[in-house]
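Participant: could you work out the structure for the sequence below:
(one chain, ligands or ions: 2)
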Amino acid sequence: MGSNCETESMVSNPQERRRVGLIYDERMCKHSTPDDEYHPENLNRIKVIWDKLHSSGIAQRCVVLDAKEAEDKHIALVHRKNHIDLIKNISSKKFDSKRNKIASKFNSIYFNGGSSEAAYLAAGSVIEVAEKVAKGELDSGFAIVRPPGHHAEESEPMGFCLYNNVAIATSFLLNERPELGIKKILIVDWDVHHGNGTQKMFWKDPRVLFFSVHRHEFGSFYPGGDDGSYTMIGEGPGTGYNINVPWENGRCGDADYLAVWDHVLIPVAKEFDPDMIIISAGFDAAIGDPLGGCRVSPYGYSIMLNKLMGFAGGKIVMALEGGYNLDSLANSVLACVQALQQHKPVAGSSEAYPFESTWHVIQSVRKQLSSYWPTLGDKIPEKVISWKTPQIEISSSDSDGEHENGLIVAEELDKAVEDIIEPLKNLQVHEDCQGQATVVSPSWSSELSKIDIWYATFGSNINKSRFDCYIEGGQMEGMQKPCVGSVDKSQPKEIMWKTFPHRLFFARDRSDTWGPGGVAFLHPESNIQEKTYMHLYKITLEQFNDVLLQENASSRDMIRPLFDLTSLQTIETEKCISVELVQKGWYHNVVYLGKENNIPILTMTCTLSDIDDFKSGKFPVNSPAKAYANTLVEGLVQGKQLSKAEAIAYIEEASTKPL
Ligand code: Q9C
Ligand code: ZN
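Facilitator: Ligands and ions are numbered 1, 2, ... in the order given. Predicted coordinates:
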């Protein structure tokens, strides 16, 4: 088999790289604590990002812009005069003696002689990138700035933030550059902390949809209080244009964030249809962050970003906010810049399911906002919500990273075993080669990537190298065109051989992949007289869908999934399903061959009515081409199923015996 691999433009003719702007300026390193005592928000944060983007060669493929200081009149769009006067002057000599005392009046703020300049550069640089993206001179951009901005309020620096960089740039485009046509801006704040400052600045403004996902813990996580609650939806004309997704606990990871993307942010973004997206890009929800205690991977960030790239014509401006583990920070930013350049997520994998609490939060948010965003009124299917990570009460607080490995006290242990270990046994959590559990990208796939099936092959895919093309993309010797591969490129979790009492035969006169000659089919009905060698690959249902598409020469842009959870349930009783969306393909009939270790075995072949057409001569029965037959022989020999001579005889018999 393996007749039709689709060549997508992505592969044969790679998309031109997008123009991604970058801004960095060493002067932003000069903002520091007064005596240079350690602080998590320090100069190394932007330095490591800049170094990483260079050492990886990514910065060299970006458009590097000069940083600019913001003008007071632009800052004044969101901050009051007293605030501007403070930041403008705080670094001057005359404040030397008073600086620390003034800083101490604010919440989590320090100043030194470099603070003013850094604050003006941070705000001005976000403006600069935003303006260039708005003008279309850049597709997107990343402002690697500090101090961060999203906690800074109208009249008050706080939470390491002096000026609200993102809010200033947003107001600048909407009010000072109307001719650029940016009328609606979506601000996505994925910093682990709530963007209290930004929220307040656009509270009544329907031109700005402010979305923040953050640890909240019912108001106990910084910045605390009710501001970050999902009940805070804006006011007046801005009602419905403020969306908070407040985590109830730490340890949230890719699966939690992606669930929020799929079930809140993306549906709303479709409806809002922004002209630009500005991301308050903190990376303190990253794995390993000392303040955040969450678990988002670089891969996760790149998926979140990639999903947003589908809006606003890809006009995305990212501005650094938090992020305090230098390695996590640099790797996460790198993944994002790569995603911006290529409009695809970086390679990777992540943990299993959202927490149950995540589904609760998502449902609360959807309910709260459903009258403003009708799409949120739909019920999330029960089967989607049923995939979740069991959660236990951890006796010590999980409110920050340091307490992450909270102790489970002795009497809780039994319950923990009952509540966690047992259900986990039944979950098919996937592990990649690094022993990391995996979950994958688009909305439908996050569900299907949690289900394993055996994909049973009888044609050229019995040859592992040939099968690899369907997963990894590419082609092997004898193939006339490459495969696109699967979205999830992870290797099968298990591989085995098995024989089945079905007839193998060769038919059709040519295929795009192998050229002239017949290709393999399996008779969908069993026959005890027959014996076909099949190579079984344990892959996810998501990967199976991608293989199904490639087997049937369909584009990845097809409505998917073709074969979903319902199909999987149905096929156990129906035994086969002809997949309607790929009806024109030769292998659109998915046949159920039983189970192995309680996992369904599926293959793809023709339908019974095709068998009639082969018998009647409407479609030709035909021996395989040499390259194709060799691929099969090689597969059987390498798989130690048959000797070379036996394998040749096996193929020979299958291609000559009448149907
Ligand atoms: N107990 C940003 O990530 N923590 N700011 C103060 C007081 C302040 C974080 C803890 C965290 C501010 C931009
Ligand atoms: Zn933060």
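Participant: what about Ser182, distance to Ser155?
Facilitator: For the record, residue 182 is Ile, not Ser. To Ser155, Ile182 is 27 Å away according to C-beta to C-beta, to the nearest Å. Backbone N, C-alpha and C define where each C-beta goes, glycine included.
Participant: OK, contacts around the residue in the stretch 301-450 of the chain that ligand 1 sits nearest to?
Facilitator: Minimum separation of the stretch 301-450 of the chain from ligand 1 (C-beta to the nearest ligand atom) falls at Gly322, amounting to 2.5 Å. For Gly322, the contact set (C-beta atoms under 8 Å, 6 or more residues apart in numbering) comprises Glu41, Pro148, Phe160, Asp191, Val192, His193, Gly282, Phe283, Asp284, Leu291, Gly292.
Participant: neighbours around Ala70, how many?
Facilitator: Residues contacting Ala70 under the criterion other C-beta atoms under 10 Å number 23.
Participant: for it, helix, strand, or coil?
Facilitator: Following DSSP: H, G, I helix; E, B strand; the rest coil, we place Ala70 in the coil state.
Participant: check contacts around it.
Facilitator: Tyr120, Leu121, Ala123, Gly124, Ile127, Tyr163, Ile168.
Participant: name the nearest residue to the first one, sequence neighbours excluded.
Facilitator: Among residues not flanking Tyr120 along the chain, Glu69 sits closest, at 3.9 Å (C-beta to C-beta, 6 or more residues apart in numbering).
Participant: which parts of the stretch 201-350 of the chain are strands?
Facilitator: Secondary structure of the stretch 201-350 of the chain by DSSP state E, counting those that start in this stretch: the strands cover 208-215, 242-247, 276-281, 316-320.
Participant: what angle separates the third one from strand 316-320?
Facilitator: Relative orientation of strand 276-281 and strand 316-320, computed by axes from the mean of the first three to the mean of the last three C-alpha atoms, to 10 degrees: 20 degrees.
Participant: do the same with the longest one
Facilitator: On the basis of the same axes, to 10 degrees, strand 208-215 is oriented at 40 degrees to strand 316-320.
Participant: now check strand 208-215, is it near ligand 2?
Facilitator: No. Using C-beta under 5 Å from the ion, strand 208-215 stays clear of ligand 2, with a minimum separation of 8.0 Å.
Participant: what about that strand, distance to the chain center?
Facilitator: Counting by C-alpha atoms, centre = their mean, to the nearest Å, strand 208-215 is centred 18 Å from the centre of its parent chain.
Participant: can you get me the start-to-end distance on stretch 145-157?
Facilitator: 16 Å (C-alpha to C-alpha, to the nearest Å).
Participant: in it, what's buried?
Facilitator: For stretch 145-157, the neighbour count (16 or more other C-beta atoms under 10 Å) marks Val145, Arg146, Pro147, Pro148, Gly149, His150, His151, Ala152, Glu153, Glu156, Pro157 as buried.
Participant: which residues of the stretch 201-350 of the chain lie near ligand 2?
Facilitator: So the stretch 201-350 of the chain meets ligand 2 at Gly282, Asp284, Gly322 (C-beta under 5 Å from the ion).
Participant: give me that answer again for 8 Å
Facilitator: Counting by C-beta under 8 Å from the ion, the stretch 201-350 of the chain comes close to ligand 2 at Tyr222, Gly282, Asp284, Leu291, Gly292, Glu321, Gly322, Gly323.
Participant: could you dump these into a markdown table with distance to Gln342 added?
Facilitator: Formatted as a markdown table, these follow (distance: C-beta to C-beta, whole Å):
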| residue | distance to Gln342 |
| --- | --- |
| Tyr222 | 35 |
| Gly282 | 23 |
| Asp284 | 25 |
| Leu291 | 30 |
| Gly292 | 27 |
| Glu321 | 24 |
| Gly322 | 26 |
| Gly323 | 22 |
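Participant: in ChimeraX, select just the buried ones from those.
Facilitator: Burial among those is assessed by 16+ other C-beta under 10 Å; the matching ChimeraX selection reads:
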select :222,282,284,291,292,321,322,323
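Participant: just give me the closest of the residues of the stretch 201-350 of the chain next to ligand 2 to ligand 2.
Facilitator: Among those, Gly322 lies closest to ligand 2 (C-beta to the ion), at 2.8 Å.
Participant: quick one on the thing from earlier: which pair in the contacts of Ala70 spans the largest distance?
Facilitator: Leu121 and Ile168 (12.2 Å; C-beta to C-beta).
Participant: contacting residues for the residue lying closest to Asp564 once chain neighbours are set aside?
Facilitator: Computed as C-beta to C-beta, 6+ apart, the closest residue to Asp564 that is not its neighbour in sequence is Leu448, at 6.8 Å. The contact partners of Leu448, taken as C-beta under 8 Å, 6+ apart, are Thr540, Leu541, Glu542, Asn545, Pro561, Asp564, Leu565.
Participant: Leu593 now?
Facilitator: Ala456, Phe500, His502, Met534, Ile601, Leu602, Thr603.
Participant: most neighbours among the residues you listed, please name it.
Facilitator: Neighbour-wise, the contacts of Leu593 (other C-beta under 10 Å) top out at Ala456, 28 neighbours.
Participant: in what helix or strand does that residue lie?
Facilitator: For Ala456, the host element (DSSP states H and E) is strand 452-457.
Participant: CA atoms of that strand as CSV?
Facilitator: What follows is strand 452-457, C-alpha atoms only, in CSV (Å, rounded to 0.1, in the frame of the first residue of the first chain):
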residue,chain,number,x,y,z
ASP,A,452,-3.6,4.6,21.2
ILE,A,453,-4.5,2.3,18.4
TRP,A,454,-2.6,-0.4,16.5
TYR,A,455,-2.2,0.6,12.9
ALA,A,456,-1.9,-2.7,11.1
THR,A,457,-0.1,-2.6,7.8
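Participant: can you show me the helices along the stretch 51-200 of the chain?
Facilitator: Remark: helices assigned in the stretch 51-200 of the chain by DSSP state H, counting those that start in this stretch are 72-75, 81-89, 99-105, 115-135, 165-171, 196-201.
Participant: return the most buried member of those helices.
Facilitator: Mean neighbour count, computed with mean count of other C-beta atoms under 10 Å, is highest for helix 165-171 among these, reaching a mean of 31.
Participant: show me the contacts for the residue most central in space within the chain.
Facilitator: The residue lying closest to the centre of the chain (C-alpha atoms, centre = their mean) is Ile303, at 2.3 Å. By C-beta under 8 Å, 6+ apart, the residues touching Ile303 are Asp254, Leu258, Trp261, Pro345, Ser441.
Participant: separation between the residue of the stretch 301-450 of the chain closest to ligand 1 and Pro237?
Facilitator: Per C-beta to C-beta, Gly322 is found 31 Å from Pro237.
Participant: bridged to the nearest residue to Leu522 once chain neighbours are set aside, which residues?
Facilitator: Take Leu522 and drop its neighbours on the chain: the residue closest to it by C-beta to C-beta, 6+ apart is Thr605, 4.3 Å away. On the basis of DSSP bridges, Thr605 is bridged to Asn589.
Participant: tell me who's in contact with Thr605.
Facilitator: By C-beta under 8 Å, 6+ apart, the contact set of Thr605 is Met1, Phe458, Phe521, Leu522, His523, Pro524, Tyr587, Asn589, Val591.
Participant: and what of Asp256?
Facilitator: Contact analysis of Asp256 by C-beta under 8 Å, 6+ apart lists Trp247, Pro354, Phe355, Thr358.
Participant: just checking, the last one touches Ala259?
Facilitator: Yes. Applying C-beta atoms under 8 Å as the test, Thr358 and Ala259 come out as touching, 5.7 Å apart.
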